[in-house]
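**Student:** Need the 3D shape of this:
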Amino acid sequence: MTAFNFEQARFNMIEQQIRPWEVLDQRVLDTLARMPREDFVPERYRNLAFSDVAIPLGHGEVMLKPAVEGRILQALAPRPVDRVLEVGTGSAYLTACLARLAVGVTSVDIVPEFVEAARIKLKAHGIGNVALHAGDASRGWGEHRYSVIAVTGSVAALADCWRQSLSLGGRLFVAVGQPPTMEALLVTRTGEREWIEESLFDTELPPLRNAEPRETFQF
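**Tutor:** Now for the predicted structure:
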């Protein structure tokens, strides 16, 4: 039986999925090329690590498609001076990429199992600039301001807590809407009470836990 060629699959992922979706930032492409995605997927899906699919992680969550991860990284443009908040650790692959691009990452997931698995994966790859927390960040996390915030689950409406958690010039990625219509947004803080929103692409992501739309009464 021929061994699976991970390096060729990684090259094909970048050239056939990520670049064609207008991800051209060389720092992002280099990070995706160097980070072994196959080490962050559940073992039974390892050969699907580079496929254009959302890989199940358990607990109703998925690992985002490679092209979506590339677009998120490119839109947020993390710099070596940026401190990042990631809402939803998941597989920890995006966490690892953010950590390679920024000075530090605070990553929060409501599923403790994901957090413990992420701790092992990140340590195995020598990534030490990530603070992992098990908790609910659907209404924000702490009193700090961040220059980059990545929300990896969808929300019905954008919570003001994340806008307020951005530092001046900070960037927020979030998918807003309900199935089957969701819009990926980049929100940039331009002043103490000013933000601009840019529509990036249409998508469909699993809902962020505890950020589901509240039921309304019909009269």
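**Student:** Next, the buried residues of the helix or strand harbouring residue 202.
**Tutor:** Residue 202 belongs to strand 194-203 when assigned by DSSP states H and E. Along strand 194-203, these residues count as buried under the neighbour rule (16 or more other C-beta atoms under 10 Å): 195, 200, 203. Using the backbone N, CA and C atoms, a C-beta is placed for each residue, glycine as well.
**Student:** Summarise which helices and strands the longest helix along the chain is packed against.
**Tutor:** If each helix of the chain is counted by residues according to DSSP state H, the longest one is helix 112-124. Helix 112-124 sits against helix 93-101, strand 104-109, strand 130-134, with contacts defined as 3 or more C-beta pairs under 8 Å, 6 or more residues apart in numbering; DSSP states H and E.
**Student:** any chance of these in JSON lines, plus mean neighbour count?
**Tutor:** Below are those laid out as JSON lines (neighbours: other C-beta atoms under 10 Å):
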{"stretch": "helix 93-101", "mean neighbour count": "24"}
{"stretch": "strand 104-109", "mean neighbour count": "24"}
{"stretch": "strand 130-134", "mean neighbour count": "16"}
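**Student:** which residue is nearest the centroid of this protein?
**Tutor:** In the chain, the C-alpha nearest the mean C-alpha coordinate belongs to residue 152, at 4.5 Å (C-alpha atoms, centre = their mean).
**Student:** Pull the number of nearby residues for the closest residue to residue 59 other than its chain neighbours.
**Tutor:** Closest residue in space to residue 59, ignoring its immediate chain neighbours: residue 111 at 5.1 Å, by C-beta to C-beta, 6 or more residues apart in numbering. Residues lying near residue 111 (other C-beta atoms under 10 Å) number 18.
**Student:** low-confidence ranges in this protein?
**Tutor:** 1-2, 212-219 (pLDDT under 70).
**Student:** the helices in it, which residues?
**Tutor:** Under DSSP H, the chain gives helices at 6-13, 26-34, 66-76, 93-101, 112-124, 160-164.
**Student:** Please name every helix or strand in contact with the last one.
**Tutor:** Counting contacts by 3+ C-beta pairs under 8 Å, 6+ apart, helix 160-164 packs against strand 166-178, strand 181-191.
**Student:** Other residues contacting that helix?
**Tutor:** 87, 139, 140, 149, 151, 172, 174, 187, 189, 195 (C-beta atoms under 8 Å, 6 or more residues apart in numbering).
**Student:** residues contacting the fourth one?
**Tutor:** Contacts for residue 149 were tallied using C-beta under 8 Å, 6+ apart; they are 84, 85, 86, 87, 162, 165, 166, 170, 171, 172, 173, 174.
**Student:** Dig out what it forms beta bridges with.
**Tutor:** Beta-bridge pairing for residue 149 (DSSP bridges): residue 85, residue 172.
**Student:** what's the answer for the third one, then?
**Tutor:** In this structure, residue 140 bridges to residue 138 when assessed by DSSP bridges.
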